[in-house]
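Undergrad: this one's structure only:
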Ligand SMILES: Nc1ncnc2c1ncn2[C@@H]1O[C@H](COP(=O)(O)OP(=O)(O)O)[C@@H](O)[C@H]1O
Ligand SMILES: C=C(OP(=O)(O)O)C(=O)O
Ligand SMILES: [K+]
Ligand SMILES: [Mg+2]
């Protein structure tokens with residue numbers, strides 16, 4: 001290996017978590033039955049091309065997601081997709097073949113939203129993803145999203161929707177009804193303090209303003225409202241109330257971020273071995289710390305990553321600390337847009353992506369990216385511009401919600417995310433947008449700082465030398481993450497012995513995670529990797545590769561023999 005240089009030092013162990021276990025209280029569980037939605041198809045446009053499934057080639061000891069491998073070969077590995085895709089699984093996509101179609105279409109992470117459906121329903125979905133991973137060679141990670149303590153409506157007696165007309169009088173109540181005895185135009189609200197907290201004259205916004213009411217009268221547990229902006233009420237829609245133009249957050253602001261039902265869902269997620277738990281309506285870093293120590297307590301050695309959802313005013317007050325303690329964030333623009341003026345949402349998105357990059361945490365941009373594709377087979381130009389913006393900002397991942405959960409065109413929506421990502425990424429590379437100089441130091445120890453500097457240097461080197469790929473051998477995933485943070489020009493092949501770390505790395509920009517057993521002998525690791533990759537046509541003789549290892553803390557520049 002002439003022309004290579006190296007230096008080595010051992011890595012420090014991972015930081016331990018010293019927070020106490022969270023007590024669990026008895027929950028109030030509600031179990032709505034998931035049901036398919038029908039949406040009208042009102043435009044017919046030729047479908048976008050979706051890559052054909054690749055044939056799995058077995059090469060002993062080296063495992064990579066079969067679709068990632070196909071994408072590598074299809075696009076040439078310098079042009080493989082860097083932006084990752086999260087798909088929400090719902091009634092439209094919960095069957096094995098439907099999940100497989102999403103996996104084939106490039107889904108890196110499957111998300112289940114505990115706000116909807118029963119635990120049994122979610123269990124089936126999670127197991128199907130696992131089954132596909134095992135049987136069909138995918139490495140799709142699973143993200144469980146908590147319900148959180150938001151105020152929302154009930155299930156509308158399992159109706160698909162209810163229409164509120166202009167001027168109609170509706171009752172929002174905290175009374176519970178047996179299904180048949182519920183009066184017409186009556187909606188049950190899940191938060192007991194609701195009737196006490198609202199005042200006559202308050203505005204009641206459903207789903208951030210899709211339907212609006214004004215409170216005209218209060219009678220005990222009933223809040224009588226007149227509809228001022230008519231529209232469709234959807235099951236379990238989110239509710240906010242506004243007084244004199246400001247969001248009212250009285251006692252509801254004191255509700256626990258993780259409700260007792262959420263704790264049970266979290267236990268369920270741990271049992272089912274999910275890879276990520278996304279925490280809805282996070283307010284403080286403390287709750288994330290508590291959850292992390294709870295998980296470590298329950299499942300020692302667990303690799304579950306905690307994603308802080310930025311979707312409330314409170315989360316914005318503690319943004320930096322929240323991001324620092326979590327394993328990633330989601331800009332949950334849906335609820336965020338119901339709490340802050342809409343024109344501020346893009347600013348928050350930009351800020352969160354920047355901060356995440358500085359703090360070395362993955363950032364997901366979520367909600368309404370391709371909203372019109374719930375009904376139509378192609379997106380609006382404005383939606384494509386929104387996706388382009390998020391890709392251009394180099395967010396780690398984009399997320400589909402309703403588009404994949406209950407829309408008419410989940411696979412087409414996924415294909416749009418893929419093609420827009422590829423196009424915008426290519427454009428950025430051609431413009432040589434390497435901005436690796438302004439990253440601040442994130443490490444808290446000298447040893448970690450050395451890894452960090454190695455990764456920064458590696459990325460700069462790879463860019464200057466026009467390397468074909470960076471190879472990283474990582475046991476914890478941290479070194480791979482630090483490389484991804486630099487957003488280098490070439491893809492990063494990350495080798496890790498753990499399947500769960502392999503799946504978790506699937507959320508991070510530009511990482512191509514492989515599962516590989518490797519030793520501390522880098523020379524033999526490299527020779528083996530080269531021959532395995534060559535056998536699968538994933539590299540070729542003459543390719544310039546930069547190799548980094550968190551085992552050795554070394555950098556080597558190598559022409560593939
Ligand atoms: N498990 C499920 N069961 C039934 N419907 C679901 C499920 N998951 C998602 N959906 C549907 O897909 C929509 C979009 O999903 P998502 O964005 O996760 O939820 P929400 O819109 O409530 O924030 C939901 O509003 C709901 O109609
Ligand atoms: C992603 C979001 O959260 P959920 O879908 O759980 O409401 C959001 O509010 O944008
Ligand atoms: K949720
Ligand atoms: Mg939300």
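TA: It's in. For clarity, every value in this text was computed on a predicted model and none was experimentally measured. Ligands and ions are numbered 1, 2, ... in the order given.

Undergrad: alpha carbons only for contacts and neighbour counts from here, please
TA: Will do.

Undergrad: setting aside sequence neighbours, what's the nearest residue to the residue of the stretch 451-561 of the chain found nearest ligand 1?
TA: Going by CA to the nearest ligand atom, ligand 1 is nearest to residue 507 of the stretch 451-561 of the chain, at 17.7 Å. Sequence neighbours aside, residue 84 is the residue nearest to residue 507 in space, at 5.9 Å (criterion: CA to CA, 6 or more residues apart in numbering).

Undergrad: ok, now residue 88?
TA: Leaving aside its sequence neighbours, residue 88 sits nearest to residue 111 (CA to CA, 6+ apart; 4.5 Å).

Undergrad: for residue 452, same thing?
TA: Residue 452 sits nearest to residue 482 (CA to CA, 6+ apart), 6.3 Å away.

Undergrad: can you give me how far the helix or strand where the one you found lies is from the chain middle?
TA: Using DSSP states H and E, residue 482 sits in helix 478-485. In terms of CA atoms, centre = their mean, to the nearest Å, the centre of helix 478-485 is found 18 Å from the chain centre.

Undergrad: run through the neighbouring helices and strands of it.
TA: Judged by 3 or more CA pairs under 8 Å, 6 or more residues apart in numbering; DSSP states H and E, helix 478-485 is in contact with helix 446-464, strand 469-473, strand 492-496.

Undergrad: need those in JSON lines with mean pLDDT, can you?
TA: Shown next, in JSON lines, are those (pLDDT from 0 to 100):
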{"stretch": "helix 446-464", "mean pLDDT": "92"}
{"stretch": "strand 469-473", "mean pLDDT": "95"}
{"stretch": "strand 492-496", "mean pLDDT": "96"}
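
Undergrad: may I ask which helix or strand of this structure has the lowest mean pLDDT?
TA: Least confident element among the helices and strands of the chain, by mean pLDDT, DSSP states H and E: helix 66-75 (a mean of 81).

Undergrad: tally of neighbours for residue 386?
TA: Residue 386: 16 surrounding residues under other CA atoms under 10 Å.

Undergrad: can you read off the pLDDT for the closest residue to it other than its chain neighbours?
TA: Nearest non-adjacent residue to residue 386, counting by CA to CA, 6+ apart: residue 369, 6.6 Å away. Residue 369 is assigned 98 on the pLDDT scale.

Undergrad: who in the stretch 51-200 of the chain is up against ligand 1?
TA: Proximity of the stretch 51-200 of the chain to ligand 1, by CA under 6 Å from any ligand atom, involves residues 88, 90, 91, 113, 116, 117.

Undergrad: most neighbours among the residues you listed, which one?
TA: residue 90 (28 neighbours).

Undergrad: show me the contacts for the nearest residue to it once chain neighbours are set aside.
TA: Spatial nearest neighbour of residue 90, chain neighbours left out: residue 405 (3.7 Å); criterion: CA to CA, 6+ apart. By CA atoms under 8 Å, 6 or more residues apart in numbering, the contact list for residue 405 reads 87, 88, 89, 90, 91, 92, 93.

Undergrad: what subset of those is also close to ligand 3?
TA: Cross-checking the contacts of residue 405 against ligand 3 (CA under 5 Å from the ion) gives no overlapping residues.

Undergrad: residue 222 - how many residues pack around it?
TA: 21.

Undergrad: quick one: the residue of the stretch 351-500 of the chain found nearest ligand 3 from residue 167, how far?
TA: As assessed by CA to the ion, ligand 3 sits closest to residue 401 within the stretch 351-500 of the chain, at 10.5 Å. With the distance defined as CA to CA, to the nearest Å, residue 401 ends up 31 Å from residue 167.

Undergrad: have a look at those two and say which one is more surrounded.
TA: residue 401 (25 against 14).

Undergrad: identify the residues contacting that one.
TA: The contact partners of residue 401, by CA under 8 Å, 6+ apart, come to 87, 88, 366, 367, 368.

Undergrad: check residue 211 too.
TA: If a contact means CA under 8 Å, 6+ apart, then residue 211 has 164, 205, 227, 228, 229, 230, 231, 232, 233 as its contacts.

Undergrad: ChimeraX command for the buried members of these?
TA: Per 16 or more other CA atoms under 10 Å, the buried members of the contacts of residue 211 correspond to this ChimeraX selection:
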select :164,205,227,228,229,230,231,233
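
Undergrad: in strands only, show me the contacts of residue 211.
TA: 164, 205, 227, 228, 229, 231, 232, 233 (DSSP state E).

Undergrad: spatially nearest residue to the third one (excluding sequence neighbours)?
TA: It refers to residue 227. Closest to residue 227 by CA to CA, 6+ apart is residue 213, at 4.2 Å.

Undergrad: what helix or strand is the one you found on?
TA: Assessed by DSSP H and E, residue 213 sits inside strand 211-219.

Undergrad: next one: residue 99
TA: helix 96-104.

Undergrad: that helix: which residues count as buried?
TA: 99, 100, 101, 102, 103, 104.

Undergrad: from residue 312, how far off is residue 319?
TA: Going from residue 319 to residue 312 by CA to CA gives 11 Å.

Undergrad: show me the helices in the stretch 51-200 of the chain, by range?
TA: 66-75, 96-104, 119-136, 194-197 (DSSP state H, counting those that start in this stretch).

Undergrad: among those, which comes closest to ligand 2?
TA: Shortest separation from ligand 2 across the helices of the stretch 51-200 of the chain is recorded for helix 119-136, at 14.5 Å, computed as CA to the nearest ligand atom.

Undergrad: buried ones in the closest one?
TA: Buried residues in helix 119-136 (16+ other CA under 10 Å): 119, 121, 122, 125, 126, 127, 128, 129, 130, 132, 133.

Undergrad: related to what we said a few turns ago, helices or strands up against the helix holding residue 99?
TA: Using 3+ CA pairs under 8 Å, 6+ apart as the contact test, the elements touching helix 96-104 are helix 119-136, helix 410-430.

Undergrad: right, I'll leave it there.
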